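Participant: Next one to model:
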Amino acid sequence: MKKVLFPYGKETIEYSFKDEELIAVLESSINHYNPYKTGKELVLEAMETPEGTSRLKELAYGKKNVVILASDHTRPVPSKLIIPNMLKEIREGSPDAKITILIATGCHRGTTRDELISKFGEDIVKNENIYIHDCDEKDMLVSIGTLPSGGDCVINKIAYEADLLVSEGFIEPHFFAGFSGGRKSLLPGVCARRTVLANHSSEFIAHPNSRTGILEGNPMHNDMLWAAKKAKLTYIVNVILNDKKKVIYAVAGDLEKAHKKGTDFLFRECQVDKKEADIVITTNGGYPLDQNVYQAVKGMTAGESTVKKGGVIIMLAKSNDGIGGDHFYRQLASEPDINKTMQDFLNRDKSETVPDQWQTQVLLRVLMHATVIYISDMDDQTIQNMHMIPSHSIDEALKLAKQILKLDSPKIVAIPDGVSVIVK
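Facilitator: Here you go, the predicted structure:
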């Protein structure tokens, strides 16, 4: 018997597989990577030796209005390790600078005060100027040009008016942007909804280069990078985390050069060989990335990459925060024919993209390739309405999968953290 641990919310689920059924466990080696330094030491080291720029304190010299783009509550960025060091260096270079921490929510809901305290600590929330971006707050938005895709690039004017714009974040494989981190703090992080919609068009989502681990020729990445450069995002501090959400690598410096150093590291550590399977069991890496169904689509794409056509993906995501998007739910639940919904999306122009369409499109692509059994704390009817099969345990899900496939001994692949691997 082979035991595998699957992250589920803030806990793990252990399951023992028959040796003849489990043909592979696909894990990135970052979970075994030991930097022999603490997360704080790695962040400080990266900031002391930035890629392609001067140190942050030197960049801050003489600046009066500094803005830090910071991640929101949906990202496991260890802001308590990063932000204090960024604040310290900025103030060393410009003691009198006005500093604003702008929360890059993209199109997510606003981050609550309790969530801010959890991310930054009580002192920073109490003493620093924090503004939560709202993609629909028209009075706070300004156009800075036209994206390569043709969409209007509209960003938060707090970022636009900065005389030094910097960001924190983390880098991981991303299911359509190639990798997260870097330029994503700007687009979608602090952009208007219509800008995000243009970038997340059905044409771009369907593009063969809009996939995990691909930046070259990725139209979504090209838009994001253009926007970040146009907004003069000068300096980033990004970290890479293992499955315990511990910092194992950090980069700092120039938007492109520092980000590339991080993505190069991830590509080396996260690439795994495809093992074709009848059933793939995957997750979204546990809390905070498995709080809702919307985010869990990311982990499903890892299963999509290695499951046979017509196979079964078993997705574990606690989903304690619910669906994650009303539009996302309605697009799935209102039409019984997933092929019709997909064709409707593909027929739309970039200017006609609607909220959450991209996430629905990716889930539809997965569902057109394989059956999805969804293990969560959600109610069964909601999951059924979203064209998935509800389940509440791996045992139950495997029984269902075997019945669907009419196989007594299917070939099974386990992916304990579906958002940390690049399946090739």
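
Participant: which strand residues sit across from Arg390 in the sheet?
Facilitator: Quick fix: residue 390 is Pro, not Arg. Counting by DSSP bridges, Pro390 forms beta bridges with Tyr374.

Participant: so what's it scoring on pLDDT?
Facilitator: Looking at Pro390, its pLDDT reads 98.

Participant: Surely it is in contact with Glu396?
Facilitator: No: with contacts defined as C-beta atoms under 8 Å, Pro390 does not count as touching Glu396, sitting 9.5 Å away. Every residue, glycine included, has its C-beta placed from N, CA and C.

Participant: now the helix or strand hosting Gln403: how far from the chain's centre is it?
Facilitator: For Gln403, the host element (DSSP states H and E) is helix 394-405. Distance of helix 394-405 from the chain centroid (C-alpha atoms, centre = their mean, to the nearest Å) equals 29 Å.

Participant: Equivalent analysis for stretch 124-143, please.
Facilitator: 21 Å.

Participant: Any buried residues in that stretch, and which?
Facilitator: By neighbour count with 16 or more other C-beta atoms under 10 Å, stretch 124-143 contains the buried residues 124-125, 128, 130, 132-135, 140-141.

Participant: residues contacting Ser351?
Facilitator: By C-beta atoms under 8 Å, 6 or more residues apart in numbering, the contact list for Ser351 reads 151, 198.

Participant: Let's see that with 10 Å instead.
Facilitator: With contact taken as C-beta atoms under 10 Å, 6 or more residues apart in numbering, Ser351 is in contact with 150-152, 194, 197-198, 201.

Participant: Out of those residues, which comes closest to Glu11?
Facilitator: Leu197 (35.9 Å; C-beta to C-beta).

Participant: what are the phi and psi angles of that closest one?
Facilitator: According to degrees, to the nearest 10, the main-chain angles of Leu197 amount to phi -60, psi -40.

Participant: what's the nearest residue to it if we skip its chain neighbours?
Facilitator: Thr353 (4.1 Å; C-beta to C-beta, 6 or more residues apart in numbering).

Participant: Would you mind measuring from the one you found to Gly39?
Facilitator: Distance, Thr353 to Gly39, by C-beta to C-beta, to the nearest Å: 38 Å.

Participant: neighbour-wise, which of the two wins?
Facilitator: Thr353 (25 against 20; other C-beta atoms under 10 Å).

Participant: returning to what we had before: any residues touching the helix holding Gln403, and which ones?
Facilitator: 4, 6, 8, 13-17, 21, 278-281, 308, 310-316, 370-371, 373-375, 389-391, 393, 407-410, 412, 414.

Participant: how about a cut-off of 8 Å?
Facilitator: 6, 13, 15, 278-279, 281, 311-312, 314, 316, 371, 373, 375, 389, 391, 408, 410, 412.

Participant: what packs against the next helix-or-strand element following it?
Facilitator: Toward the C-terminus, helix 394-405 is succeeded by strand 412-415 as the next helix or strand (DSSP H and E). With contacts taken as 3 or more C-beta pairs under 8 Å, 6 or more residues apart in numbering; DSSP states H and E, strand 412-415 sits against strand 22-25, strand 277-283, helix 293-304.

Participant: out of these, nearest to Asn209?
Facilitator: helix 293-304 (14.4 Å).

Participant: which stretches of the protein have low pLDDT?
Facilitator: Nowhere does the chain drop to pLDDT under 70.

Participant: Where does the record place the domain boundaries for it?
Facilitator: According to automatic domain parsing, the chain comprises the domains 2-26+275-423, 39-269.

Participant: among the contacts of helix 394-405, which ones are buried?
Facilitator: The buried subset of the contacts of helix 394-405 - by 16+ other C-beta under 10 Å - is 6, 13, 15, 278-279, 281, 311-312, 314, 316, 371, 373, 375, 389, 391, 410, 412.

Participant: Tell me the spacing between Cys64 and Ala162.
Facilitator: For the record, residue 64 is Lys, not Cys. 10 Å.
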